[in-house]
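Student: Structure here, sequence nowhere to be found:
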């Protein structure tokens, strides 16, 4: 990538392929996330798990600390060759790729839960510095497009990854069933391929992208000499009380948005297999057909998001970032609510189109709004703190949704998806309270 090394204060406009290369690693990152989201509940149930939402708590509890610490440390990292964010890309990619290889070989439930813990944390080690990289390298006029590129790659990666078990079974005759208590071969091979794709795409970004050096190297070196892991932990605890006003307003929107998403990711498989396929037998052919269809549905919403991401900058120009996010969240929330009223599994494709439109905005608009309110020398740190409001709703979802499912909804998981849809609609309305302090768009 031909790019003259600049400081952050003199950010030039970047070309199409420069923005493409700096975001290409997100293809692999979402490959890993999509495999996790579409298949981990299935793996837990196959290994005899019953408290599905509770098992998902392992990952966000770790992420609550990992993300801001990684952001804090990456803000204070600089190497003339390896840069600032890129070392964290590679560490996370290596650990996540290894986790993807091990996860489908879990033989007992506790091993699968532990691997989710490691895998989710590793993926996020790579992901959050990618968010900061857009703020580091792009001027305000290109920031919406920068995050839209990330969303495009997220969509493409997730389409392929979510559909992989179905594709392996229907195109390559890889079995999608296995004896009770064993992970189907189609799921195993999907995870193996995911590990390879994750590592290679992140490596591409590392090789093709150059980062800006600190604006004041002397001040940077003084600050770095005082940096330690313990400092990062202290900043993590205190950071939530020092958020810029725009960040606080967005945090509330994020909470209800991601509560809805985790409701969907955790309960779509049991909801669809019980509500539409009328089975809870994890070893049955019908259950596994339903679980494979969930992967296709997840591929649909991610594919839609890849296309919608390319249109978001235009919509933001004609309205603004807030209104764009509001419209998309309302459409997504109604899509989730519609699950209850559908009787044909194929019709859920239309529901997932709505979710995909929301997903495109969720992955770009909040970050485009946020980046304009953050100091450049704390970009990684605050992006990490912002992750609290992805992690906290996941912890809340993991803590209460099993209770609601069993004691309020009578075990009918479909109502959890309706609850998630209502939460997303509320998030959209709360977007009206956010102040975008940097409304410069392309």
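Tutor: In hand now; what should we look at? Fair warning: this is a prediction, and the values are worked out from it, not measured in the lab.

Student: Can you give me the neighbour number for the residue nearest to residue 66 when sequence neighbours are not counted?
Tutor: Nearest non-adjacent residue to residue 66, counting by Cβ to Cβ, 6 or more residues apart in numbering: residue 121, 5.2 Å away. Yep, even glycine has a C-beta here, placed from its N, CA and C like the rest. When neighbours are counted by other Cβ atoms under 10 Å, residue 121 registers 23.

Student: Likewise for residue 34?
Tutor: The burial count for residue 34: 27, using other Cβ under 10 Å.

Student: hang on, the earlier thing: what residues sit buried inside the strand or helix carrying the residue nearest to residue 66?
Tutor: Using DSSP states H and E, residue 121 falls within helix 109-137. Buried positions in helix 109-137, judged by neighbour count with 16 or more other Cβ atoms under 10 Å: 109, 112-137.

Student: Same check on stretch 397-417?
Tutor: 397-398, 401-402, 405, 409, 412-417.

Student: same question, stretch 310-323
Tutor: 312-313, 315-316, 320-322.

Student: How about stretch 161-177?
Tutor: For stretch 161-177, using 16+ other Cβ under 10 Å, the buried residues are 161-169, 174, 176.

Student: Residues in contact with that stretch: which ones?
Tutor: 30-32, 34-35, 37-39, 184-187, 189-190, 193-194, 197, 283, 285, 288, 292-293, 295-299, 302 (Cβ atoms under 8 Å, 6 or more residues apart in numbering).

Student: Report the buried members of those residues.
Tutor: Going by neighbour count (16+ other Cβ under 10 Å), the contacts of stretch 161-177 have 30-32, 34-35, 37-39, 184-187, 189-190, 193-194, 197, 288, 292-293, 295-299, 302 buried.

Student: now, which of the residues you listed lie within helices?
Tutor: 30-32, 34-35, 37-39, 185-187, 189-190, 193-194, 197, 288, 292-293, 295-299, 302 (DSSP state H).

Student: Pull out the buried positions in stretch 348-362.
Tutor: For stretch 348-362, using 16+ other Cβ under 10 Å, the buried residues are 348-349, 351-362.

Student: How about residue 198: what's its closest non-neighbour residue?
Tutor: In space, residue 198 is closest to residue 28, 3.9 Å off (Cβ to Cβ, 6+ apart).

Student: So which of the buried residues of stretch 161-177 are in helices?
Tutor: Those of the buried residues of stretch 161-177 lying in helices (DSSP H): 161-169.

Student: Reformat these as CSV; add pLDDT.
Tutor: Output for these, formatted as CSV (pLDDT from 0 to 100):
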residue, pLDDT
161, 87
162, 80
163, 82
164, 89
165, 88
166, 85
167, 90
168, 92
169, 90
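
Student: could these be laid out in TSV, adding distance to residue 215?
Tutor: Below are these laid out as TSV (distance: Cβ to Cβ, whole Å):
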residue	distance to residue 215
161	39
162	41
163	45
164	44
165	48
166	49
167	48
168	49
169	53
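
Student: picking that back up, what helices or strands is the helix holding residue 121 leaning on?
Tutor: helix 16-23, helix 25-46, helix 52-55, helix 58-75, helix 86-102, helix 140-172, helix 365-371, helix 379-386 (3 or more Cβ pairs under 8 Å, 6 or more residues apart in numbering; DSSP states H and E).

Student: give me that answer again for 6 Å
Tutor: Here helix 109-137 touches helix 25-46, helix 58-75, helix 86-102, helix 379-386, going by 3 or more Cβ pairs under 6 Å, 6 or more residues apart in numbering; DSSP states H and E.

Student: Can you pull out the low-pLDDT segments for the stretch 101-250 of the chain?
Tutor: Under the criterion pLDDT under 70, the flagged ranges of the stretch 101-250 of the chain are 216, 222-241.
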